[in-house]
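>>> sequence and predicted structure below; questions after.
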Amino acid sequence: MTMACSPFFSPCLGSLWSTKPTKHLPCHLSTPFQYSNKREFPLAAVASVPYIPANVDYLETQFSGHGVTFEGIGDSYVVKMGLENGSLASLMLPSGLITSYKAPMWHGGTLEVLHTTVTEEDSGAVIQGGVSLALECESDGGISWSPSSWILQDVRGNAEELIQVEMVSSDSENMAEAKYIVTLQQDIISSEIVISNLKSLPLQLTGSVISHLTVSNLDATYAIGLEGSNFFSRTPFLSNFGLIPPDFGQKNEVGSSQLWGQPGIRRFLSGSNAKNQNNADQVERIKKEEMEGEEEDNYKQLSSEMSRIYTSAPRNFTVIDRGRRNSVVVGRDGFKELYMFSPGSTHECYSKYTYICVGQSAVLKPIILGPEDVWRGGQHLHNPNL
């Protein structure tokens, strides 16, 4: 059974957990992709920091008065943040997955901004969507590490102004330290990452912050402000929290997956061995022409299947859902690339695949940290609907 968080069922996570408080949820699922010169981004191996289940009663006492409450779920727990103006957010640990962000609207109520699903399987409940991190740090020595298990370090602020939750993750090789700071304000939720290179050698960082934004239907959803931005079509980012329809890319031309099935490509691949190199060169030329482009629409409808990395997009752009009469301003810091994914409008409204995915990324061009350098990056989801 799959349940999608929508205006018809926004509290799906809380209602599921409250009925099964002792059931273990596999929330250590954030296995990020590995950077490659190829067009696919395979899952990387994870060296997780051992996680000790939190004492919820202790956390309630330690951080009382900061506008947060805690709920234990098996070996995991949820940090629930709430402001007096109605802004609410839920964060799971140790995975660091933001499962919910409810923002106040112009009509006086609140609206769920994020798209999260819970699927019951034999092994337990599988959670996908929300806002998640997919990062990989790699040293010159070939040692790689992906922060995926987060430990709560501090909670700051109050329910009147803002609430800030700080988490930390370190690798066993003492190569790097990662901090993840989630800040809830009256009209914005921010995800900030701080990576510290602890070694005397350079460190390469690849990955992204990926957000699933729920929408009424993709025919009524538009991206505003991307006109003139250069992009590359790419296969979707792979993440254990990601939602990718099983038939994605089979109906529309997305990246090279559909391109390889075209008759022209098959003709290039046929023929004698003497022509193989020329055929391969022509295939690469066609694929390059197909995959590179420049955004022509300033008011782009997101009804078609797409998976793109924009390399020259503005730091802020707006997603409008005319069906729900709301909008979200998506902003980034530190990251140079914008990832955008749409599953297409062929799916039922308010279903598992009625969402768009945006990500602030460093995939085509990794970030290089010098010895003992510190890098900061993040994403902001701003609610302009008050």
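Sure, I can see it.
>>> that's a helix at Y58, yeah?
Yes - under DSSP: H, G, I helix; E, B strand; the rest coil, Y58 falls within a helix.
>>> contacts only, for the spatially most central residue of the chain.
Centroid-nearest residue in the chain: I210, 1.3 Å away (criterion: Cα atoms, centre = their mean). Each residue near I210 by Cβ atoms under 8 Å, 6 or more residues apart in numbering is listed here: 131-134, 237, 239, 241-242, 339, 357-359. To be clear about C-beta, it is placed using only N, CA and C from the backbone, and glycine gets the same treatment.
>>> do S139 as well
Taking Cβ under 8 Å, 6+ apart as the definition, contacts of S139 comprise 175, 199, 201-204.
>>> neighbour count added to these, as TSV?
Converted to TSV, the contacts of S139 look like this (neighbours: other Cβ atoms under 10 Å):
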residue	neighbour count
M175	20
K199	17
L201	13
P202	14
L203	26
Q204	17
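>>> between those residues, which sits nearest Q186?
Using Cβ to Cβ, L203 comes nearest to Q186 of the contacts of S139, at 36.1 Å.
>>> list phi and psi for that closest one.
For L203, the backbone dihedrals (degrees, to the nearest 10) come out as phi -130, psi 130.
>>> now it: how far from Y299?
Remark: distance between L203 and Y299 (Cβ to Cβ, to the nearest Å) = 40 Å.
>>> try D247
With distances taken as Cβ to Cβ, D247 is found 28 Å from Y299.
>>> ranges for the strands of the stretch 101-250 of the chain?
Counting by DSSP state E, counting those that start in this stretch, the stretch 101-250 of the chain has strands at residues 110-112, 116-121, 124-129, 131-139, 144-145, 151-157, 163-170, 176-185, 188-197, 203-214, 221-224, 230-233.
>>> next one: the stretch 251-386 of the chain
Using DSSP E, counting those that start in this stretch, strands in the stretch 251-386 of the chain cover 292-294, 299-301, 306-310, 316-321, 326-333, 337-342, 355-369, 374-382.
>>> who are the packing partners of the third one?
Yep, that's strand 306-310 we're talking about. strand 230-233, strand 337-342, strand 355-369 (3 or more Cβ pairs under 8 Å, 6 or more residues apart in numbering; DSSP states H and E).
>>> figure out which of the ones you listed is closest to S64.
When the helices and strands packed on strand 306-310 are compared for distance to S64 using Cβ to Cβ, the nearest one is strand 355-369, at 33.4 Å.
>>> which regions of the stretch 251-386 of the chain lie under the pLDDT threshold?
Within the stretch 251-386 of the chain, the stretches with pLDDT under 70 are 251-290, 350.
>>> ok, now with 90
The stretch 251-386 of the chain contains residues with pLDDT under 90 at 251-292, 345-353, 385-386.
>>> quick one: Y101 and H115 touch, right?
No - between Y101 and H115 there is no contact under Cβ atoms under 8 Å: 10.5 Å.
>>> circling back: tell me the spacing between the residue nearest to the centre of the chain and H347.
Using Cβ to Cβ, I210 is found at 19 Å from H347.
>>> likewise Q379?
Q379 sits 25 Å away from H347, taking Cβ to Cβ as the criterion.
>>> same check, this time on S304
13 Å.
>>> sorry, back to before: and Q379 and H347? which has more neighbours close in?
Q379 (24 against 15; other Cβ atoms under 10 Å).
>>> beta-bridge partners for the more buried one, please?
Legend: beta-bridge partners of Q379 under DSSP bridges are S191, R332.
>>> how many residues are close by E161?
E161: 12 surrounding residues under other Cβ under 10 Å.
>>> do you know how far S342 is from Y353?
10 Å.
>>> which one's more surrounded, these two?
Neighbour count, other Cβ under 10 Å: between S342 and Y353, S342 has more, with 25 against 20.
>>> per-residue pLDDT, S196?
Listed pLDDT for S196 reads 95.
>>> any idea how far it lies from D140?
Counting by Cβ to Cβ, the gap from S196 to D140 is 17 Å.
>>> ok, the two, which is more surrounded?
A count of neighbours by other Cβ under 10 Å puts S196 above the other of S196 and D140, at 15 against 10.
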